[in-house]
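Can you look at this prediction? I've put the sequence above it.
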Amino acid sequence: MDKLCCVTAIYPGSFDPLTNGHVSIVRRGLKLFQTVVVAVARDSGKTPLFTLDERVAMIREVFKGEPRVQVDSFTGLLVDYVARRGAGAVLRGMRAVSDFEYEFQLALMNRRLHRDIETVFLMTDYKWMYISSSIIKEAARHGGNIQGLIPNALVPEVYKKFAELERQRQENPGPP
Ligand code: COA
């Protein structure tokens, strides 16, 4: 048998921002892997609210007491990053059937690009089935209560970011 490959798993995403659903996947991933690297993607195809550095700093703050969690960012192909880090697995959370098709596509493409890297899926805890970073941002943007959906330390950061954007909008209203 080949030697076991999966001491380290890479948990990639845009994490804009990190939610309690993501935290739950990381914590459960630690039951399977020695180290989980939360890898923030620069190229996720989305326009983020927080800069890459802000997202990395926020995630580091959340996991600062957990030496088995590392936080990093990457550009380019996920599989190249996974190989560079010497990790054998990609960790992904699956929330609902709606995630399945995209995850299936992503996992198969990644496998085609790099045959030795496996994708491991964890079902998201039912408490976090309905949340996404976008829906949380949407609620916060309109002043809704997002307490309990993202780590407590990040809640003020989200409101602060929207207040900052609103201030910028008022200072530079743009064309009517
Ligand atoms: N709990 C709560 N929300 C969750 C969740 C969970 N367990 N898991 C995922 N989500 C949410 C995320 O917050 C995100 O919400 P959003 O769409 O509102 O931002 C949504 O589900 C999708 O997340 P995810 O599937 O992780 O996608 P992503 O856009 O965050 O990340 C990458 C996708 C970065 C993994 C992928 O684009 C990538 O690998 N990019 C690099 C280039 C590459 O190699 N591409 C693939 C081969 S071509």
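Here it is on my side, so go on. Owing to the predicted nature of the structure, the values given are computational and were not obtained by experimental measurement.

looking at it, residue 46 is touching residue 40, isn't it?
No. Between residue 46 and residue 40 there is no contact under Cβ atoms under 8 Å: 11.9 Å. To be clear about C-beta, it is placed using only N, CA and C from the backbone, and glycine gets the same treatment.

neighbour count winner among those two?
residue 40 (25 against 11; other Cβ atoms under 10 Å).

close to the ligand, is the helix or strand bottoming out on mean pLDDT in the chain?
Counting by mean pLDDT, DSSP states H and E, the chain has its least confident helix or strand at helix 97-113, which shows a mean of 92. Yes. Residues of helix 97-113 are located near the ligand by Cβ under 6 Å from any ligand atom, namely 106, 109, 110.

Just the buried residues of those residues.
Buried subset of the residues of helix 97-113 next to the ligand (neighbour count, 16 or more other Cβ atoms under 10 Å): 106, 110.

can you list the residues of helix 97-113 next to the ligand in TSV and add distance to residue 54?
As requested, the residues of helix 97-113 next to the ligand are arranged in TSV below (distance: Cβ to Cβ, whole Å):
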residue	distance to residue 54
106	25
109	29
110	27
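
from the residues of helix 97-113 next to the ligand, which single one is nearest the ligand?
Ranked by distance to the ligand (Cβ to the nearest ligand atom), those are led by residue 109 at 4.7 Å.

Any regions of the chain where pLDDT drops low?
1-5, 176 (pLDDT under 70).

Can you tell me which residues in it are near the ligand?
12-14, 16, 19, 21-22, 25, 41, 43-44, 46, 77-78, 93, 95, 106, 109-110, 124, 128, 131-134.

Kindly give a single ChimeraX line that selects the buried subset of those residues.
A single ChimeraX command selects the buried members of the residues of the chain next to the ligand (16+ other Cβ under 10 Å):
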select :12,13,14,16,19,21,22,25,41,78,93,95,106,110,124,128,131,133
